[in-house]
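J.: I would like to see how this sequence folds:
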Amino acid sequence: MKEDSLGEITLRKYEKPYDLKERDLAKKVCLSLGLLQPGDSRDIVVDVLLVLKKAAKDKKELTSDEIKDLAIKSREDNNLELKGIAESNIRRQLKKLRNIFLVEKKANKYSITEWSKFSDLFDEKIEKFYLSSITQRIKEYLEEFDK
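T.: A predicted model of the protein is given here:
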């Protein structure tokens, strides 16, 4: 019997958002969606998400190198250490974002999925599709366990 999961998601509930700066709000989004662990100092995923959000305003697709350069600039602008900026880590963060359907990749360029709003992506891709399929499978295991 294989024990590799077919899907996994971590969701966290925080206080209501109010008076947060853009980067702090993006960090809470990443924490809420399990893209970042509480207390993790390597929070480059926040910068990657912000870079892609800004590019989406102009419907611009970016390569991983462009994302890395813009993420470095974002960290410098916010007086943050340059932790986690290795190319391999940027690609790992992009994969995390792709795995929960927030980001798509076409011809080695990345963008916010279908140029959609994040709230719409969560509703359509995560809540209705991904989370639903996970909870349905859990119910199947529970029903079998009840026998």
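J.: contacting residues for P17?
T.: L25, K28 (CB atoms under 8 Å, 6 or more residues apart in numbering). C-beta: built from backbone N, CA, C; applies to glycine.
J.: just confirm it is within a strand.
T.: No. Looking at P17 with DSSP: H, G, I helix; E, B strand; the rest coil, it is coil, so not inside a strand.
J.: from L11, how far off is it?
T.: 15 Å (CB to CB, to the nearest Å).
J.: before we move on, what about L36?
T.: Taking CB to CB, one finds L36 at 13 Å from L11.
J.: what about stretch 39-46, average pLDDT?
T.: Averaging pLDDT along stretch 39-46 yields 90.
J.: contacting residues for R92?
T.: With CB under 8 Å, 6+ apart, R92 has no contacts at all.
J.: does the residue nearest the centre of the chain count as helix, strand or coil?
T.: What sits nearest the mean C-alpha location of the chain, by CA atoms, centre = their mean, is L97, with 3.6 Å. L97 carries the three-state label helix when classified by three-state DSSP.
J.: just give the nearest non-adjacent residue to it, would you?
T.: V103 (3.9 Å; CB to CB, 6 or more residues apart in numbering).
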